[in-house]
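Enquirer: would you be able to build a 3D model of this:
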Amino acid sequence: MEFAAIIAENVLGRLASHASQEVSLAWGAQLELTKLTKTLSTINLVLQDAEKKQVKNLLIAHWLGKLKDVCYDVDDVLDELEFRKLRKKVLANNHGRVKGQVRHFFSRWNPTVFNFNMGHKVKEIRERLVEIDNEKRQFALVEVPRIAEDHSVPQGMQYNQRETDSLVEASEVIGRDDDKELIFSHLLHDTTDISTEENVSVISILENFEVKSLILKIINAATDQKCEDESLDRMKRRLQDTLRGKKFLLVLDDVWDTESIGVTPEKWLDLKSLLSVGANGSGILVTTRHESVALLVNPLYMHSLKGLPHKDCMSLFIKRAFKKGEEQRYPHLIGIGEDIVNKCGGVPLAVATLGSMLYLNREPDRWSSVRDDDMWSIGNDNILPALKLSYDALPQHLKPCFASCSLFPKDFEFGSDLLVALWVAQGYLKTCKNNEDLDKMGMDYIRQFCSRSLFQVEADLKTAVLFKMHDLVHDIAISVAQTEYSTFSVGRLLRSYQVPLVVCFI
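Expert: Next up, the predicted model:
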């Protein structure tokens, strides 16, 4: 159950603000609110330990869920108090009239009625909170000291450029030399004319293998011009006119077989027939993590990538975790890093993400905690625990920002302006300084995600950033946000989709 600590912190902040504003409440209701604040403050001390232990203890996860429900109810009470305060200001002039006085006397905003109802509501919430406080004793939770968080990007922190395109710096590629040679030999088999003028286009597919969308992307890539969305028939004709008689290499990157939006035999044969007008020697290279996709496209050659060798994994890890040449000063950390890399199972994304997470951190205890974390025992693969560890290591203020990205579809190209505006609207950007620029703070948050390899930069325009999330990183965002956000595809029938009971509608 994610975000319990963050939600509790926010509610405590609002309670403190309410107390300082001297909002008029009946003495009984105000006393209940004060008791509630004390109880929540006590629980808050152990929440960091609880969120860590919930991975192996479902009872703790359930306990955190109940606490979140209570915190949201407290938040609703504070909203009512704020609304009442604003309403009194708006209606101040109207109360002088007889009609206004009568209406106000019989409304639920009458001070006597309001204080009576609010007193009962706050007391009921406090009693639930006391019960939650009593339950925590069975979990042997310990208090974790709170460390002031620095919301800025550490100096020298690097961030990862997304490399799903045809322009890749050779110096940035680590390992896979044998794989490259073998793949090239098959691509060039029976090809005598090796021209440097051939078209090489990389199309990122991810989950949605939709023929019309693919046609549009291929035309755009082949002509280097933006193609307008037209009827399917006209687009098919335009694609064939564009490719007829030309030799090309088309790379369909990361093809999935997910339900109705993945590749199917019909979709594949349709696309393949459209591309058959190219010159002899043209080719289609499909990359996928699903063997079922490889079998479906019936390739002339299928190459299965093994895990990256340990030596290459260490080179990648060191490149992400240290400044150039700095690793020689920390042989004890290199030893711990060897163990961490072994647990990544040769998955480059897991290695790179954990290396970026530990960048500029030189505390042996921190490295050891990553190596020995319970998360490694969860699940059947190595990559998702590694990515979840990277999420767990995020500062508290960044976690809800990361989770909010689950609202967007996979392979979505984020613009920093859009995402920062969402964070501001959700109240995720908080500052203690007067007149601090929230847009600048949001950009700092985005650069921190980039530096941790959770966002992959498409374009850095200095004042704005365009970026994407790897689909497995997006899966982590969905996983941690599943109790906070709920999304569904437009194509799915609403009657077949059950919205979780805990979801609040806006």
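Enquirer: any chance you could map the strands in the chain?
Expert: With DSSP state E as the criterion, the chain has strands at 199-206, 248-255, 283-286, 414-415, 456-460, 465-468.
Enquirer: which among those strands is found nearest to A352?
Expert: strand 456-460 (10.3 Å; Cβ to Cβ). Any C-beta I mention is one placed from the backbone N, CA and C, and that applies to glycine too.
Enquirer: what helices and strands are in contact with that closest one?
Expert: strand 465-468 (3 or more Cβ pairs under 8 Å, 6 or more residues apart in numbering; DSSP states H and E).
Enquirer: so how far is the strand it packs on off the chain centroid?
Expert: Relative to its chain's centre, strand 465-468 lies at 13 Å (Cα atoms, centre = their mean, to the nearest Å).
Enquirer: about what we covered before: got the strands of the chain as JSON lines, with mean neighbour count, distance to Q240 and mean pLDDT columns?
Expert: Converted to JSON lines, those look like this (neighbours: other Cβ atoms under 10 Å; distance: least, Cβ to Cβ, whole Å; pLDDT from 0 to 100):
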{"stretch": "strand 199-206", "mean neighbour count": "18", "distance to Q240": "15", "mean pLDDT": "54"}
{"stretch": "strand 248-255", "mean neighbour count": "20", "distance to Q240": "12", "mean pLDDT": "85"}
{"stretch": "strand 283-286", "mean neighbour count": "18", "distance to Q240": "15", "mean pLDDT": "88"}
{"stretch": "strand 414-415", "mean neighbour count": "18", "distance to Q240": "34", "mean pLDDT": "93"}
{"stretch": "strand 456-460", "mean neighbour count": "15", "distance to Q240": "30", "mean pLDDT": "86"}
{"stretch": "strand 465-468", "mean neighbour count": "20", "distance to Q240": "30", "mean pLDDT": "91"}
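Enquirer: of all those strands, which lies closest to D73?
Expert: Minimum separation from D73 across these (Cβ to Cβ) falls at strand 414-415, 33.0 Å.
Enquirer: what strands flank that closest one, and is each parallel or antiparallel?
Expert: The pairing partners recorded for strand 414-415 under DSSP bridges are strand 465-468 (antiparallel).
Enquirer: quick check: D374 vs K430, distance?
Expert: 30 Å (Cβ to Cβ, to the nearest Å).
Enquirer: wait, V142
Expert: Taking Cβ to Cβ, one finds V142 at 27 Å from K430.
Enquirer: same check, this time on D76
Expert: In terms of Cβ to Cβ, D76 sits 20 Å off from K430.
Enquirer: Throw the strands of the chain into TSV and include distance to V90, thanks.
Expert: Formatted as TSV, the strands of the chain follow (distance: least, Cβ to Cβ, whole Å):
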stretch	distance to V90
strand 199-206	50
strand 248-255	54
strand 283-286	62
strand 414-415	37
strand 456-460	46
strand 465-468	41
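Enquirer: so which of the ones you listed is nearest A222?
Expert: For the strands of the chain, the distance to A222 is smallest for strand 199-206, at 5.8 Å, taking Cβ to Cβ.
Enquirer: neighbours around E210, how many?
Expert: 14 (other Cβ atoms under 10 Å).
Enquirer: whoops, D179 was the one
Expert: 14.
Enquirer: contacting residues around stretch 330-349?
Expert: When contacts are defined by Cβ atoms under 8 Å, 6 or more residues apart in numbering, stretch 330-349 is touched by residues 174, 306-310, 313-314, 316-318, 321-322, 327, 350-351, 354, 358, 362, 364, 367-368, 370-371, 376, 381-383, 386-387, 453, 470, 472.
Enquirer: now it, how far from the chain's geometric center?
Expert: Using Cα atoms, centre = their mean, the offset of stretch 330-349 from its chain centre is 24 Å.
Enquirer: from now on call the first residue 349
Expert: Let's use 349 as the start, then, which means that last one is stretch 678-697.
Enquirer: for that stretch, buried residues please.
Expert: Residues 678, 681-682, 684-685, 688-689, 691-697 are the ones in stretch 678-697 that count as buried (16 or more other Cβ atoms under 10 Å).
Enquirer: in CSV, list the C-alpha atoms belonging to that stretch.
Expert: Extracted in CSV, the C-alpha atoms of stretch 678-697 (Å, rounded to 0.1, in the frame of the first residue of the first chain):
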residue,chain,number,x,y,z
TYR,A,678,36.1,2.7,-3.9
PRO,A,679,37.1,-1.0,-4.2
HIS,A,680,34.8,-1.9,-1.3
LEU,A,681,31.8,-0.5,-3.2
ILE,A,682,32.8,-2.4,-6.3
GLY,A,683,32.7,-5.6,-4.3
ILE,A,684,29.1,-4.9,-3.2
GLY,A,685,28.3,-3.7,-6.8
GLU,A,686,29.4,-7.1,-8.1
ASP,A,687,26.8,-8.8,-5.8
ILE,A,688,24.1,-6.3,-6.9
VAL,A,689,24.8,-6.9,-10.6
ASN,A,690,24.7,-10.7,-10.1
LYS,A,691,21.1,-10.3,-8.8
CYS,A,692,20.1,-8.3,-12.0
GLY,A,693,20.4,-11.5,-14.0
GLY,A,694,22.1,-9.8,-17.0
VAL,A,695,19.2,-7.4,-17.6
PRO,A,696,20.7,-4.1,-18.8
LEU,A,697,17.7,-1.9,-17.8
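Enquirer: average model confidence for it?
Expert: Per-residue pLDDT values over stretch 678-697 give a mean of 92.
Enquirer: where does the chain dip in pLDDT?
Expert: Residue ranges of the chain with pLDDT under 70: 349-350, 366-376, 439-464, 493-519, 538-556, 606-609, 726-730, 779-782, 831, 834-854.
Enquirer: so for it, the centremost residue is which one?
Expert: Nearest to the mean C-alpha position of the chain, by Cα atoms, centre = their mean, lies A825 at 3.5 Å.
Enquirer: thought it was touching M817?
Expert: Yes. Using Cβ atoms under 8 Å, A825 is in contact with M817, at 7.0 Å.
Enquirer: what touches both of these two?
Expert: Shared contacts of A825 and M817 (Cβ under 8 Å, 6+ apart): C753.
Enquirer: sorry, back to before: only the buried members of the contacts of stretch 678-697: can you turn that into a PyMOL selection?
Expert: What follows is the PyMOL syntax for the buried subset of the contacts of stretch 678-697, where burial is set by 16+ other Cβ under 10 Å:
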select buried, resi 522+656+661+662+664+665+666+669+670+675+698+699+702+706+715+718+719+724+730+731+734+735+801+818+820
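Enquirer: which of the contacts of stretch 678-697 fall in helices?
Expert: Using DSSP state H, the subset of the contacts of stretch 678-697 located in helices is 658, 661-662, 664-666, 669, 698-699, 702, 712, 715-716, 718-719, 731, 734-735, 820.
Enquirer: list the contacts for the closest residue to D421 other than its chain neighbours?
Expert: Nearest residue to D421, sequence neighbours excluded (Cβ to Cβ, 6 or more residues apart in numbering): I473, at 5.2 Å. Contact partners of I473, counting by Cβ under 8 Å, 6+ apart, are 384, 418, 421-422, 425.
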